[in-house]
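Asker: Fold the following, please.
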Amino acid sequence: MSHLTQKAIEATFLSLLEEKPLSRITVRELSAACGINRKTFYNHYDGLDTLLEQVLLRPMEAAAGGSCGWLDAFCKLAAFLQEQKKPVLHVYACDARECLQRRLECVAMQIVKGQLARVCCCPETATDETEQEQACAFYAAGFAGMFDAWLRGGMEEDIAARLRMLERGLCALPRCFVAMPSGENYTV
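Answerer: Modelled structure (predicted):
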């Protein structure tokens with residue numbers, strides 16, 4: 001029965017997030033909508049933050065996991081967020097935005113680290129750990145920023161198309177940097 005109650009709470013929570021921002025949802029309202037008392041809710045969750053973690057933030061990581069490359073992983077993450085568009089935007093519209101942004105940063109870092117681990121295992125692309133961390137931080141911040149801008153824009157843009165375009169651009173970058181001596185002055 002406990003598992004069924006937990007699933008009912010999660011489903012009702014997502015349903016409420018479809019209708020309104022997280023800041024306007026209360027444990028009392030959620031419990032009443034589930035037909036349980038508040039004590040039962042607190043037997044399963046510490047509060048709405050832990051429920052949000054369970055139903056929306058952790059699944060973001062799972063959605064991007066098991067991919068064979070960064071493009072696939074970010075496209076899967078985007079597809080998950082798109083499937084949960086209203087709840088995601090309602091979370092983004094309130095104080096919980098920071099939780100969502102931090103989770104995006106963590107997921108981006110995991111994806112980039114996974115990609116870098118695949119690339120850096122080859123002797124010709126080996127780098128030291130500090131260089132890898134710097135590269136991961138740089139790319140993860142860029143991807144998290146891209147997703148944040150997408151959320152801020154109401155998820156209207158086709159982010160998968162933008163990611164594919166970025167992939168083509170990133171493939172060209174190594175050739176550009178090899179062609180330019182590092183001591184040369186660049187003008188913008």
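Asker: The residue lying closest to residue 154 once chain neighbours are set aside sits in which helix or strand?
Answerer: Distances taken as CB to CB, 6 or more residues apart in numbering place residue 89 nearest to residue 154, at 6.6 Å, with adjacent residues excluded. Every residue, glycine included, has its C-beta placed from N, CA and C. Taking DSSP states H and E as the definition, residue 89 sits inside helix 85-92.
Asker: for the record, mean pLDDT for that helix?
Answerer: The average pLDDT within helix 85-92 is 95.
Asker: What is that helix packed up against?
Answerer: Where contact means 3 or more CB pairs under 8 Å, 6 or more residues apart in numbering; DSSP states H and E, helix 85-92 is packed against helix 2-19, helix 97-119, helix 129-152.
Asker: Could you tell me how far it lies from the centre of the chain?
Answerer: Taking CA atoms, centre = their mean, to the nearest Å, one finds helix 85-92 lying 13 Å from the centre of the chain it belongs to.
Asker: How about stretch 10-18?
Answerer: 19 Å.
Asker: How about residues contacting it?
Answerer: Surrounding stretch 10-18, the residues in contact under the criterion CB atoms under 8 Å, 6 or more residues apart in numbering are 25, 29-30, 33-34, 48, 51-52, 54-56, 84, 86-87, 90-91.
Asker: What count of nearby residues applies to residue 25?
Answerer: Per other CB atoms under 10 Å, the neighbour tally for residue 25 reads 21.
Asker: Let me know whether it touches residue 49 as I believe.
Answerer: No - with contact defined as CB atoms under 8 Å, residue 25 does not reach residue 49; the gap is 11.5 Å.
Asker: returning to what we had before: output the helices and strands packed on helix 85-92 as CSV; include the columns mean neighbour count.
Answerer: Compiled in CSV, those are given as follows (neighbours: other CB atoms under 10 Å):
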stretch, mean neighbour count
helix 2-19, 15
helix 97-119, 18
helix 129-152, 16
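Asker: Let me know which of those is the nearest to residue 68.
Answerer: Closest approach to residue 68 among the helices and strands packed on helix 85-92 (CB to CB): helix 97-119, 8.7 Å.
Asker: so what does that closest one touch, helix or strand wise?
Answerer: Secondary-structure packing of helix 97-119 (3+ CB pairs under 8 Å, 6+ apart): helix 58-64, helix 70-83, helix 85-92, helix 129-152.
Asker: just the angle between it and helix 129-152, please?
Answerer: 140 degrees (axes from the mean of the first three to the mean of the last three CA atoms, to 10 degrees).
Asker: mind checking how far helix 97-119 is from the chain centre?
Answerer: Its chain's average C-alpha position is 7 Å from that of helix 97-119, according to CA atoms, centre = their mean.
Asker: List the contacts of residue 69.
Answerer: Contacts of residue 69 (CB under 8 Å, 6+ apart): 115, 118.
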